[in-house]
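In: what shape does this take:
(one chain, ligands or ions: 1)
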Amino acid sequence: MGETYRHIAIMGPPGGGKGTQAAILSEKLGIRAFSAGELLREEVARGTQEGREIEAIITKGNLVPSRYIVNRMRERIVDPQNAKGYILDGFPRTLDQRDEFEAMQKDDPHIVANRLELDLVLLLQVPDDYVIDRIIGRYACAKCGALYHEKFKQPKTFGVCDACGHKEFTRRADDNYETVVSRLRNYRSVTAPVIPYYEEKGLLKCIDGTGPIDVVAEKIRKVVGY
Ligand SMILES: [Zn+2]
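Out: This is a model prediction of the structure:
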């Protein structure tokens with residue numbers, strides 16, 4: 001039998017399928033997936049002291065310091081409801097977040113005692129031109145939000161939503177060439193440097209993220225062990 005992993009981070013370029021694969025893995029393993037953005041929004045909505053601080057930082061258009069994000073991740077990791085494991089979707093995204101997260105794991109007695117440390121980092125490898133193709137062509141049903149793609153996933157009847165029969169569709173304003181290229185450039189300079197550390201630690205597994213969703217999910221299944 002191979003190893004099994006339940007404390008997982010999924011990394012990869014924007015538009016590389018992280019969110020999709022995190023959702024599939026979450027369902028298969030019966031454990032939750034967390035993204036930094038979602039946790040910060042939740043904290044703001046809860047109206048806690050840190051939530052108000054986060055809101056003020058975001059309102060000013062500043063980057064949220066890593067410790068706020070790591071605090072949120074920590075709460076979920078030590079929550080008895082998540083005792084079966086966790087998936088971090090697109091985290092850590094910066095060197096600073098990684099270092100803060102590593103220090104937190106080492107120092108937190110609950111995490112150390114219960115061996116809740118990250119044990120697998122999945123890196124979805126997807127070439128830039130593939131990401132660009134994938135993002136540029138995507139659109140959604142204006143009514144139910146079902147997702148489509150000009151090349152990869154047209155509705156069964158052209159111009160009619162499979163899910164609800166609606167005939168109008170929308171595109172995200174930031175799904176354009178310039179924005180995608182700039183996000184990829186940002187990924188290379190800000191996020192990619194996070195990865196070698198995990199390779200040295202022996203946690204990194206690279207997955208070819210090109211190809212159909214279920215094929216990539218199957219590659220992930222073999223590595224994660226379920
Ligand atoms: Zn629809």
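In: pLDDT score for the residue of the chain positioned farthest from its centre?
Out: Residue farthest from the centre of the chain, counting by Cα atoms, centre = their mean, is Thr157 at 31.4 Å. According to the prediction, Thr157 has pLDDT 96.
In: torsion angles phi and psi at the spatially most central residue of the chain?
Out: In the chain, the residue lying closest to the centroid (Cα atoms, centre = their mean) is Asp89, at 2.5 Å. Recorded main-chain torsions at Asp89 are phi -90, psi 110, according to degrees, to the nearest 10.
In: show me which residues of the chain sit near the ion.
Out: Taking Cβ under 5 Å from the ion, the part of the chain that reaches the ion is made up of Cys141, Lys143, Cys144, Ala146, Cys161, Ala163, Cys164, His166. The C-beta positions use only the backbone N, C-alpha and C, and glycine is treated the same way.
In: can you give me the strands in this protein?
Out: 7-11, 32-34, 86-89, 120-125, 138-141, 147-149, 169-170, 204-208 (DSSP state E).
In: can I get these in a markdown table with mean pLDDT?
Out: Output for these, formatted as a markdown table (pLDDT from 0 to 100):
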| stretch | mean pLDDT |
| --- | --- |
| strand 7-11 | 98 |
| strand 32-34 | 97 |
| strand 86-89 | 98 |
| strand 120-125 | 98 |
| strand 138-141 | 93 |
| strand 147-149 | 92 |
| strand 169-170 | 96 |
| strand 204-208 | 98 |
